[in-house]
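Visitor: just to be clear, the model below is a prediction. Sequence and coordinates:
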Amino acid sequence: LACISMAGVAAEAMAYEEVQGQEADLRDLQRILNKCEPKLSDAAQQAVTRWAVWQAASMLKRHEKSFDALTEKMSQGATVEECLQAIEAAPEPEYE
């Protein structure tokens, strides 16, 4: 859930020099982390947040062709089904 929460932040950071839309994403992640048992310390929450951004960015880079296909469809106002089709039609990533 942490990676999903931070995927928008990671994508924006990869595309632009300045991230502006992170407040809602961070608030959502904070709500999730506040429900953890046992409670996480502030330092642990910060570590999870950093890890999630890094993981999300890594996944977006690895699946760059799918991400590009998705953003292209979204910019065209495509439906969710059309977006999913574009992701599924994108070439598979090459693993080292």
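Guide: Noted; the coordinates are in hand. Numbering: from 1, shown residues only.

Visitor: what's the neighbour count on Glu81?
Guide: By the criterion of other C-beta atoms under 10 Å, Glu81 has 8 neighbours. Bear in mind the C-beta positions are built from the backbone N, C-alpha and C, glycine included.

Visitor: again, but for the one 3 residues further on
Guide: Around Leu84 sit 13 other residues, with neighbours defined as other C-beta under 10 Å.

Visitor: hmm, who's touching stretch 62-70?
Guide: Stretch 62-70 is contacted by residues Ala11, Leu60, Cys83, Ala86, Ile87, Ala89, Ala90, Pro91, Pro93 when judged by C-beta atoms under 8 Å, 6 or more residues apart in numbering.

Visitor: quickly find the element holding the first one.
Guide: Translated: Ala11. Following DSSP states H and E, one finds Ala11 within helix 2-15.

Visitor: what sits up against that helix?
Guide: Here helix 2-15 has contacts from 19-22, 25-26, 28-29, 32-33, 48-49, 51-53, 55-57, 59-61, 67, using C-beta under 8 Å, 6+ apart.
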